[in-house]
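Novice: Sharing a sequence plus its predicted fold:
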Protein chains: 2
Amino acid sequence: MTSQANVTWIAADWGTTNLRIWALDTAGNTIAHRCSAKGMGTLAKNEFEAALLELVDDLVKADGTTPVVVCGMAGSRQGWAEAPYKTTPCAPPSIDDATIVNATDPRLDVRILPGIKQITPADVMRGEETQITGFLADTPNFSGTLCLPGTHTKWVALENGVVTRFRTFMTGETFALLSKQSVLRHGLSDRDLDADAFKSATMDIFKTPQALAAELFGVRAAGLIADLSPDAARGRLSGLLIGAELAAVKDDFDLSAVTILGSDHIAKAYASALGCLGYEATPLDAETITLKGLALAYSSYSKAPS
Amino acid sequence: MTSQANVTWIAADWGTTNLRIWALDTAGNTIAHRCSAKGMGTLAKNEFEAALLELVDDLVKADGTTPVVVCGMAGSRQGWAEAPYKTTPCAPPSIDDATIVNATDPRLDVRILPGIKQITPADVMRGEETQITGFLADTPNFSGTLCLPGTHTKWVALENGVVTRFRTFMTGETFALLSKQSVLRHGLSDRDLDADAFKSATMDIFKTPQALAAELFGVRAAGLIADLSPDAARGRLSGLLIGAELAAVKDDFDLSAVTILGSDHIAKAYASALGCLGYEATPLDAETITLKGLALAYSSYSKAPS
């Protein structure tokens, strides 16, 4: 049984495909953690408040207002309310940079944290900036490289706690499209990939990244005429795409000591790829770090003047 | 009105998505040209004969047999009957290399031409070999580079009429997936691409192909924060992918004088990309060449011993 009396504030990570909330007490303990599939991509502007209330209606105080601190795509132009980007170089946004949403329900005081944009080369992030905030909570003056793996992986250079530049790679989305919908799907397993095939493809293409376009169809052809197994084909495709990404990354980011904000199978693939190229990578749990970032933002919360 | 009395033989180009036939008389004139969407990908093994008869039933001689010369995916393992690949280096296959199909209808004598495979690097073609045959009809001792544009573009090196090596690029399929199904679709027009954006992206990435993975998401980001127009975004994505392909191709194929077997919008994009990089490219009509290749194969046809 959750106790609404103890809920001090709500943290929300509102991405394109999912909404995840945590209800927290004064000491920062999680009283409830809930998810729904009502991501930004499924909602019209006037549907966000109801989608949030579906998850938090029984958690917020009946009298008075409960602060809700949100990060992610809910702050995009197509989201609930636009939270204009901060621009690099910059520290990750704080609650002072947040957009205050005009919620209908008087029990809610919703603040959406902005993302970060980079003018040249053009790039944007929404949600990842709060993971960076969470990472910096323990090491505020960090200088180095962060890797935030996902459908769109972000590589981020930090100097003294300031985001100096970043770059987004569509490798995860490209892998999903090629493995499920292109001609390559006929020769690929749905199971775990073959680690040896992954590593050797990573190392091959890291040395000659310009060959990527030539190597992709070869994954199918080798299945047809050279007995490449479906598991090995899956490993090779993943290794080719991640290896090509790392070849591009190494020109712009210091790979000598990378911190990976993630510990799922995508994060593990990056750690494995970096490892076989001789780079050290430290993985951290992404969800923990996101919550930590939202909590740091909330720690400077003050009620808006009415 | 077609006259079945005049039909000497049938030419068929049977790909993954379409079946196209020509009915020809002794002089090589086309009496009928028909298409259906019954490509190899839509058919079980026992459905091919009926799919063919749907198009040719009224064209073949009622008494006696009509030769049907087929190229393309109908000869794959999942097709009507497997026509085992020839192996590079080799001349394109002739009718002597064709697989004779056991058709049920005694009016049909179906021969499927094989494709070509390459052991290292692993690669395969089915259908394109017959275009090469058609191209060589007028220049049997050709040495140089052919580009066969399509969903899967093939680059082919010929020496004295012999296919010495080739390489397949999934650029067309990748463009279709990224432009219609990835996050990039939000910022892309469905109309013609912007030619200037196409050319400058081609030239950029040709010089630094290892940056491809980094540049893709930038197409979306530039639409969000730098006013890149949807037409320019479409041009830039196409130019990035074709430019990266050409950067890989130039290491293995002589680009100084390329013949492009194609004249559709994909072929035009390749011609434009080669042109802005300073290479000369001659386009030819693909369908004419396919028919010419099938006709050359038919010219050595003789009835199988019964």
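Specialist: Perfect, I can see it now.
Novice: all contacts plus neighbour counts: C-alpha atoms, from now on.
Specialist: Will do.
Novice: For stretch A:223-234, measure first residue to last.
Specialist: End-to-end distance for stretch A:223-234, by Cα to Cα, to the nearest Å: 11 Å.
Novice: Can you list the residue ranges for helices in the stretch 1-150 of chain A?
Specialist: A:48-56, A:128-136 (DSSP state H, counting those that start in this stretch).
Novice: quick one: is the last one near chain B?
Specialist: So that's helix A:128-136. No. Under the criterion of Cα under 8 Å from any Cα of the partner chain, chain B is not reached by helix A:128-136; the shortest gap measures 15.2 Å.
Novice: quick one: average pLDDT of that helix?
Specialist: The average pLDDT for helix A:128-136 rounds to 98.
Novice: What is it packed up against?
Specialist: helix A:286-298 (3 or more Cα pairs under 8 Å, 6 or more residues apart in numbering or on different chains; DSSP states H and E).
Novice: packing partners for the helix it packs on?
Specialist: strand A:9-14, strand A:66-72, helix A:128-136.
Novice: Redo the ones you listed as JSON lines? Include mean neighbour count.
Specialist: JSON lines is the format used below for the helices and strands packed on helix A:286-298 (neighbours: other Cα atoms under 10 Å in any protein chain shown):
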{"stretch": "strand A:9-14", "mean neighbour count": "26"}
{"stretch": "strand A:66-72", "mean neighbour count": "24"}
{"stretch": "helix A:128-136", "mean neighbour count": "25"}
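Novice: low-confidence ranges in chain A?
Specialist: For chain A, the stretches flagged by pLDDT under 70 are A:1-4, A:304-306.
Novice: Give me the next element, helix or strand, following the longest helix that it contains.
Specialist: Looking across chain A with DSSP state H, the single longest helix is helix A:230-249. Where DSSP states H and E defines the elements, the next helix or strand beyond helix A:230-249 is strand A:257-261.
Novice: Mind listing what's buried along that following strand?
Specialist: A:258-261 (16 or more other Cα atoms under 10 Å in any protein chain shown).
Novice: With stretch A:149-165 instead?
Specialist: For stretch A:149-165, by 16+ other Cα under 10 Å, it's A:149-159, A:161-165.
Novice: same check, this time on stretch A:205-220
Specialist: Buried residues in stretch A:205-220 (16+ other Cα under 10 Å): A:205-206, A:209-220.
Novice: Same check on stretch A:286-294?
Specialist: Residues of stretch A:286-294 classed as buried by neighbour count (16+ other Cα under 10 Å): A:286-287, A:289-294.
Novice: got CSV for the helices and strands packed on helix A:286-298, with distance to A:Asp227 too?
Specialist: Formatted as CSV, the helices and strands packed on helix A:286-298 follow (distance: least, Cα to Cα, whole Å):
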stretch, distance to A:Asp227
strand A:9-14, 44
strand A:66-72, 44
helix A:128-136, 41
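Novice: Quick one, which of those gets closest to B:Arg107.
Specialist: Across the helices and strands packed on helix A:286-298, B:Arg107 has its closest neighbour in strand A:9-14 (65.3 Å, Cα to Cα).
Novice: partners of that closest one in the sheet?
Specialist: strand A:19-24 (antiparallel), strand A:66-72 (parallel) (DSSP bridges).
Novice: Give me the neighbour count for A:Thr88.
Specialist: 19 (other Cα atoms under 10 Å in any protein chain shown).
Novice: Is it correct that it is in contact with A:Gln118?
Specialist: Yes. Using Cα atoms under 8 Å, A:Thr88 is in contact with A:Gln118, at 5.4 Å.
Novice: which neighbours do those two share?
Specialist: Any residue near both A:Thr88 and A:Gln118 by Cα atoms under 8 Å, 6 or more residues apart in numbering or on different chains counts here, and that gives A:Arg165.
Novice: if we can go back for a sec, reformat the strands paired with strand A:9-14 as CSV; add distance to B:Thr42.
Specialist: Shown next, in CSV, are the strands paired with strand A:9-14 (distance: least, Cα to Cα, whole Å):
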stretch, distance to B:Thr42
strand A:19-24, 40
strand A:66-72, 42
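Novice: B:Gln78: which of these is closest?
Specialist: Of these, the one closest to B:Gln78 (Cα to Cα) turns out to be strand A:19-24, at 43.7 Å.
Novice: Those residues of the stretch 51-200 of chain A touching chain B, which are they?
Specialist: Counting by Cα under 8 Å from any Cα, the stretch 51-200 of chain A sits next to chain B at A:117, A:119, A:121-124, A:167-171, A:173-174, A:177-178, A:182.
Novice: just the buried members of these?
Specialist: So, by 16+ other Cα under 10 Å, the buried ones in those are A:117, A:121-124, A:167-171, A:173-174, A:177-178, A:182.
Novice: The residues you listed in strands, which ones?
Specialist: Among those, the members falling in strands (DSSP state E) are A:117, A:123-124, A:167-169.
Novice: shouldn't A:Thr66 be in contact with A:Asp109?
Specialist: Yes. Using Cα under 8 Å, A:Thr66 is in contact with A:Asp109, at 5.9 Å.
Novice: so how many other residues sit close to A:Ile116?
Specialist: 25.
Novice: For chain B, see how far away the residue of chain A most remote from its centre is.
Specialist: Residue distances from the centre of chain A (Cα atoms, centre = their mean) peak at A:Ile225, which lies 38.9 Å from the mean C-alpha position. Here A:Ile225 is placed at a distance of 7 Å from chain B (Cα to the nearest Cα, to the nearest Å).
Novice: need the contact list for that residue.
Specialist: By Cα under 8 Å, 6+ apart, the neighbours of A:Ile225 are B:117, B:119, B:122.
Novice: How about the backbone phi and psi for it?
Specialist: phi -120, psi -10 (degrees, to the nearest 10).
Novice: Now do the contacts for the spatially most central residue of chain A.
Specialist: What sits nearest the mean C-alpha location of chain A, by Cα atoms, centre = their mean, is A:Glu128, with 5.0 Å. Contact partners of A:Glu128, counting by Cα under 8 Å, 6+ apart, are A:72, A:115, A:148, A:154.
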